[in-house]
Each structure stands twice: as structure tokens, then as C-alpha cells.
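Asks: got a predicted structure plus its sequence, pasted below:
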Amino acid sequence: MSTTDNSANALGIPPRRLDMRFDAQEMERYWYGQDPFLTLFWGSLSLLFPEGERFFVAAVRHYRDQIQDPQLLTDIAGFIAQEAMHTREHEALNAMLNQQHLPAAEIDAQLHKLLAWVTRLTSPRLRLAATCALEHYTALMGEQLLRDQRHQHMADAKMLPVWLWHALEETEHKTVAYDVYEQTGGGYALRVGTMALTTVVFVAFTAYTQVRMLQADGQLGKVRQNLRGLNYLFGPRGLFLGLSGKFLDYFKPGFHPRQHDTDALVESWRERLFGAQGLLRDQVKMVKTRTVQAA
Ligand SMILES: [Fe+2]
Ligand SMILES: [Fe+2]
């Protein structure tokens with residue numbers, strides 16, 4: 001397999017449709033380790049996906065006509081179709097959060113306004129750089145989710161598949177926005193400057209969402225529980241601290257997402273999810289990229 005050509009995605013980016021059902025009656029309310037803080041944290045992330053991923057797709061699509069490389073054009077079609085499917089499934093999940101009297105619709109509407117405002121005030125180039133930055137986050141979190149066994153013990157069996165599938169596809173398409181940025185002349189200073197700016201906005205909005213979710217669920221005052229949750233996520237042995245080296249790689253001038261080699265991880269999870277004995281083998285339908293592309 002060649003790793004010298006940055007535009008080539010050797011494993012491909014196959015969009016898959018799952019049609020998952022999320023029913024509050026059938027699901028444990030605190031579906032991650034029976035822990036309200038952690039369950040609401042994953043719920044908060046889910047709330048950011050529909051609007052966020054529509055923003056990513058618009059940012060990449062804006063530059064599609066400037067791309068000559070046929071492999072990258074195929075990858076863009078896969079990226080757009082995968083993100084469209086993620087939006088769809090997370091909308092279904094978020095509808096369940098609404099049923100549970102969590103402020104899903106409210107936060108979705110606020111994020112819609114925020115991103116409409118960002119779109120009015122920024123250039124297409126900056127929005128593409130912000131997409132590269134956030135795709136770096138989703139790639140790192142996706143890889144973490146696939147590699148760390150803790151999730152499989154902590155998450156409810158009805159909830160885990162949507163996260164594994166999403167994590168796999170974020171890993172599969174992690175190079176696409178970056179390649180579009182590079183092939184259309186995006187530079188280093190804007191890329192890393194936008195990462196810094198995007199991180200501030202992303203962290204602030206996620207923190208706001210988490211606080212609003214905790215408040216709506218009557219959990220905000222449970223200090224010990226919430227500190228334990230924060231420690232699970234960001235503490236010395238937490239999920240995210242170990243990602244800081246890979247996160248900082250983004251600031252190197254010669255960085256490319258492919259340098260974090262995830263090919264074996266992708267192949268192993270494709271088999272575990274969609275292979276002959278795969279967890280989701282009966283649910284998955286492959287999507288024709290052209291159909292979604294034209295939507
Ligand atoms: Fe996604
Ligand atoms: Fe993505």
C-alpha cells in the first residue's frame with residue numbers, strides 16, 4: 001500500500017446506512033457506566049454532530065470544483081455521504097434525548113445560529129481550515145473510541161454500535177478535508193491559527209452544552225459525581241490526556257493525518273462490525289455515493 005501519495009485513500013471511504021432506533025423506553029437512561037455525567041457528556045457531543053457535520057460538508061463541497069485529483073474526488077463523495085449518514089443517525093439519537101426532557105432541540109437551534117453567524121463572518125478558506133481542525137478532533141476521538149476497551153464495558157449494548165460505526169468512519173475519512181485544504185492552496189499559518197481559534201469555540205460550546213444538560217437533568221449540583229466524570233475523561237488515566245501528543249502533531253509544519261497510521265485498526269473494526277460475524281452485519285446497507293452527493 002502506498003503511503004507516499006497523500007491524496008490516495010487506500011482503504012476507501014464506503015458510506016453505510018444503519019437505520020438505528022433509539023427508544024428511551026428500551027434504553028437504560030444513563031447508558032454509559034450508569035453515570036449521569038458521562039452519559040450526558042456523550043449526549044452533548046451527539047447534539048453537536050448534525051449541525052457541525054452539515055457545516056463540514058458545506059466547507060468541503062465549496063472547494064470540490066477546484067479538485068482535479070480523481071482519487072480525492074472519490075474520497076470527497078465518500079466523506080459527504082458518510083457525514084450525511086452520521087447526521088441522520090445522531091438526529092435519531094438526539095430525538096431520544098428530547099424525549100428524555102433534555103434540551104436537545106434547544107442546543108441544536110443555538111448551534112445552528114452560531115454556525116450561521118460564523119458562516120456570515122468568515123471566508124470559505126477559514127471554514128475549511130476549521131473543518132480540518134474539527135476533523136482532527138473527530139479522528140483522534142474516533143481512534144480512541146476504537147482502541148480503548150473501556151467503552152465496550154461502559155456503554156449500553158444498544159448505544160455502543162452507533163458510536164463504533166461513527167468512530168470507524170471518522171477514522172476512514174480523516175484525510176479528506178485536509179487533502180482538500182492542501183490541494184486548494186491552504187497554508188500552514190491559517191491552518192494552525194484556525195486550530196487554536198476553533199479549539200476555543202469548540203471547548204467553550206461543548207462545556208456550555210454539558211452544563212446546560214446537567215442543569216436540565218438535575219445533575220449540576222452533584223459535585224463529586226461530576227468531578228469523578230471529569231477525571232474519567234481528562235484525568236491522568238482518563239480517556240483524553242493520552243491524545244495530547246497526537247493533538248499537538250497538528251501544529252507541525254509537515255503534519256498530515258495519514259502520519260497517524262490507523263489502517264490496521266480500520267481493517268480490524270470493519271471485520272468486527274460488518275464482517276461475517278460482525279456486530280452490525282444485519283443492519284448495514286451500503287449507500288451509493290452519487291445519490292447522496294446529489295441530495
Ligand atoms: Fe461524522
Ligand atoms: Fe468527519
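Replies: Received, thanks. Predicted model, so just to flag it, every value in this text is computed and none were measured. Numbers count the residues shown, from 1 in each chain. Ligands and ions are numbered 1, 2, ... in the order given.

Asks: okay, CA-based contacts and neighbour counts for the rest of this
Replies: Noted.

Asks: check the offset of the helix or strand where residue 47 lies from the chain's centre.
Replies: According to DSSP states H and E, residue 47 maps onto helix 36-61. Remark: helix 36-61 is offset 7 Å from the chain centroid, using C-alpha atoms, centre = their mean, to the nearest Å.

Asks: quick check: mean pLDDT of it?
Replies: Per-residue pLDDT over helix 36-61 has a mean of 98.

Asks: equivalent analysis for stretch 194-205, please.
Replies: In this model, stretch 194-205 has an average pLDDT of 98.

Asks: center of the chain - which residue?
Replies: The centre of the chain sits closest to residue 138, judged by C-alpha atoms, centre = their mean, with a distance of 4.0 Å.

Asks: so that one: helix, strand or coil?
Replies: Put simply, residue 138 is helix when judged by DSSP: H, G, I helix; E, B strand; the rest coil.

Asks: mind listing what it touches?
Replies: Contact analysis of residue 138 by C-alpha atoms under 8 Å, 6 or more residues apart in numbering lists 167, 170, 171.

Asks: now do 10 Å
Replies: Going by C-alpha atoms under 10 Å, 6 or more residues apart in numbering, residue 138 touches 132, 144, 166, 167, 169, 170, 171, 174.

Asks: kindly report the same for residue 228.
Replies: Applying C-alpha under 10 Å, 6+ apart, the residues near residue 228 are 35, 37, 38, 234, 235.

Asks: ditto for residue 285
Replies: For residue 285, the contact set (C-alpha under 10 Å, 6+ apart) comprises 15, 16, 17, 18, 19.

Asks: ok, now how distant is the residue nearest to residue 186 when sequence neighbours are not counted from residue 21?
Replies: Leaving aside its chain neighbours, residue 186 sits nearest to residue 125 (7.3 Å; criterion: C-alpha to C-alpha, 6 or more residues apart in numbering). Distance, residue 125 to residue 21, using C-alpha to C-alpha, to the nearest Å: 37 Å.

Asks: higher neighbour count, these two?
Replies: Taking other C-alpha atoms under 10 Å, residue 125 and residue 21 do not tie; residue 125 has more neighbours (20 against 13).

Asks: correct me if wrong: that one contacts residue 177.
Replies: No. Here residue 125 lies out of contact with residue 177, judged by C-alpha atoms under 10 Å, at a distance of 11.4 Å.

Asks: mutual contacts of those two, please.
Replies: Taking C-alpha under 10 Å, 6+ apart as the criterion, residue 125 and residue 177 both touch 59, 60, 63, 131.

Asks: pull the most distant pair out of the residues you listed.
Replies: 63 and 131 (12.5 Å; C-alpha to C-alpha).

Asks: the two: which is more packed in?
Replies: Using other C-alpha under 10 Å, the more surrounded residue of residue 63 and residue 131 is residue 131, with 27 against 17.

Asks: quick check, the more buried one in a helix?
Replies: Yes. Checked against three-state DSSP, residue 131 lies within a helix.

Asks: quick check: closest non-adjacent residue to it.
Replies: In this structure, residue 131 finds its nearest non-sequential neighbour in residue 56, 5.3 Å apart by C-alpha to C-alpha, 6+ apart.

Asks: got a list of what the one you found touches?
Replies: 49, 79-80, 83, 127-132, 134-135, 177.

Asks: so residue 283 sits in a helix?
Replies: No. Applying three-state DSSP, one finds residue 283 to be coil, outside a helix.

Asks: I'd say it and residue 275 touch.
Replies: No. If you go by C-alpha under 10 Å, residue 283 and residue 275 don't touch, sitting 11.8 Å apart.

Asks: for the residue nearest to residue 46 when sequence neighbours are not counted, helix, strand, or coil?
Replies: Closest residue in space to residue 46, ignoring its immediate chain neighbours: residue 90 at 6.0 Å, by C-alpha to C-alpha, 6+ apart. Following three-state DSSP, residue 90 is assigned to helix.

Asks: ok, residue 90 touching residue 48?
Replies: Yes. Between residue 90 and residue 48 there is a contact under C-alpha under 10 Å: 9.0 Å.
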